[in-house]
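Participant: 3D model of this:
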Amino acid sequence: MRSFKPRSLLFIVVIALLTLAVPTPVYQVSAQTWVQASQSAPSTSAPAPTPAPAPTPAPTPAPTPPPAPTPAPTPVAKVRYYEVRPLAQKIELFASLTEIYQANVTHYDLWRDVYLNEYEDNQAAQRHYQWLMKTYDGFDARMRDDLNYFFSEANAWHYIDLLLGLEDSTTVSNIITYLLQLTDARLADNLGGIAEESGFKPRLANFLRRYYNSFFAAYFRELYTRSLEQAAKLNASANFNIIEFMERETAIKFAGSTPVKTVFYLTSAFMGSMGFERQDQYICLLQADTSNLASMLATAFHEIGHTLFRTYITSRDFGIKVEQVLDDPELAQAQLEFSDAYGRRAFVEENLVDGCSLYLLYRHGDISMQWLERIPVYTEFEREYIIGLVTEFQPAWETIFQFTNKFLDRKIIQLQWQ
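Facilitator: Here you go, the predicted structure:
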């Protein structure tokens, strides 16, 4: 499918560039205070001569012991603005099944190209790709039919969204029990009409048990220890307040007054990311090769950016502007190429959100103007938007939505004069 390939390659290139780059951020928001204790330099002068001993003084009464010192106050625990968590079965179970489906059924050529070429020197990626292929080869005809049945209409996001309220330690056995207890209507809210078909839940439960026992359990154990170490390393990065930074650099406040934490989950996949929203959390899934804060921000800025733009892109005025800017032949043609994933309105939204995420990476100091001029993007429309944000947008004087309106109006006028 044409739409999936450019988006996947775009994100892989961005992550790769950020992994290699070690720039100094423009902004550094940290809840940590660093104190450097100064030490006196050792003396290099010759020692003074030893004085003659003094006469022995009369005994001195023992002094009254001083009062016990007041204990130092216990420091208040630092607020952690983001957290990286290791692999969790409630996420990896369906994420891995979706990737098996994509690598072997719907996007065979893309997965082969990316894993064997883009990741040819990455042993972990090669191991993962071989597991995806061998696992599908090990499926019998019934399991292959089930895989197609459960993922031809729904995808990993729809299933994972049902499970996010479970504990991270929840086992596959408990996941199956939980899914069986959900009503058909609740499942259909996420999965569509397939969930209301006769025998859906027992068929899903049987498929998941077979997959877990024969394929998934051993591989998950293999990856979990490595993900623990990776999560600990990423959590040791600066305690960066992602939400505060996005609000400051866009002049837009997220809805709600409750402080929101960004939670990242590592996954086994080297392609793609997902975002979810809960009352007190923004949840982002990270690629397996995520190795630094900049790579995490590339995911967060895009996924959380959709939430930031929600009120703007659902407005009637935006809907009118979408139809007008799609008079641009290049933009309209690109939308057709991505039509399997995005409708007309959603495609323009994706260009704006992706452009905003790259602007935020620039403001954080992770990419330069030179990169922005050649980094892969959906369309030249998006690149113009990015350059406009970098060179013209001033969040001290306007919001990103006000700037976006001006940008779209300018594009519409240009089209009318052509």
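Participant: helix or strand for P395, which one?
Facilitator: If you go by DSSP states H and E, P395 is not part of any helix or strand.
Participant: can you get me a residue count around it?
Facilitator: By other CB atoms under 10 Å, 16 other residues sit near P395. The C-beta positions use only the backbone N, C-alpha and C, and glycine is treated the same way.
Participant: give me the below-cutoff pLDDT ranges for the stretch 301-418 of the chain.
Facilitator: The model of the stretch 301-418 of the chain has no residue with pLDDT under 70.
Participant: swap that for the chain, please
Facilitator: For the chain, the stretches flagged by pLDDT under 70 are 1-78, 256-259.
Participant: recalculate using a threshold of 80.
Facilitator: For the chain, the stretches flagged by pLDDT under 80 are 1-80, 238, 255-259, 418.
Participant: and it, split by domain according to the record?
Facilitator: Here the domain parsing of the chain from automatic domain parsing is 88-222, 309-417.
Participant: for these, which one sits closest to T267?
Facilitator: domain 88-222 (5.4 Å; CB to CB).
Participant: what about that closest one, how long is it end to end?
Facilitator: Terminal residues of domain 88-222 are spaced 13 Å apart (CA to CA, to the nearest Å).
Participant: let the chain start at 21 from now.
Facilitator: Noted, 21 is the first residue going forward, which turns the last one into domain 108-242.
Participant: just to revisit the earlier point, to I263, which of the domains of the chain lies closest?
Facilitator: Across the domains of the chain, I263 has its closest neighbour in domain 329-437 (11.7 Å, CB to CB).
Participant: returning to that earlier point: out of the domains of the chain, which is closest to E267?
Facilitator: domain 329-437 (9.3 Å).
Participant: distance between the closest one and the chain's centre?
Facilitator: Chain-centre distance of domain 329-437: 21 Å, with CA atoms, centre = their mean, to the nearest Å.
Participant: now the domains of the chain in a markdown table, with distance to L248?
Facilitator: As requested, the domains of the chain are exported to a markdown table (distance: least, CB to CB, whole Å):
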| stretch | distance to L248 |
| --- | --- |
| domain 108-242 | 12 |
| domain 329-437 | 26 |
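Participant: what's the closest of those domains to E264?
Facilitator: Distance to E264, taken as CB to CB, is lowest for domain 329-437 among those, at 12.2 Å.
Participant: end to end on that closest one, go ahead and measure it.
Facilitator: Terminal residues of domain 329-437 are spaced 29 Å apart (CA to CA).
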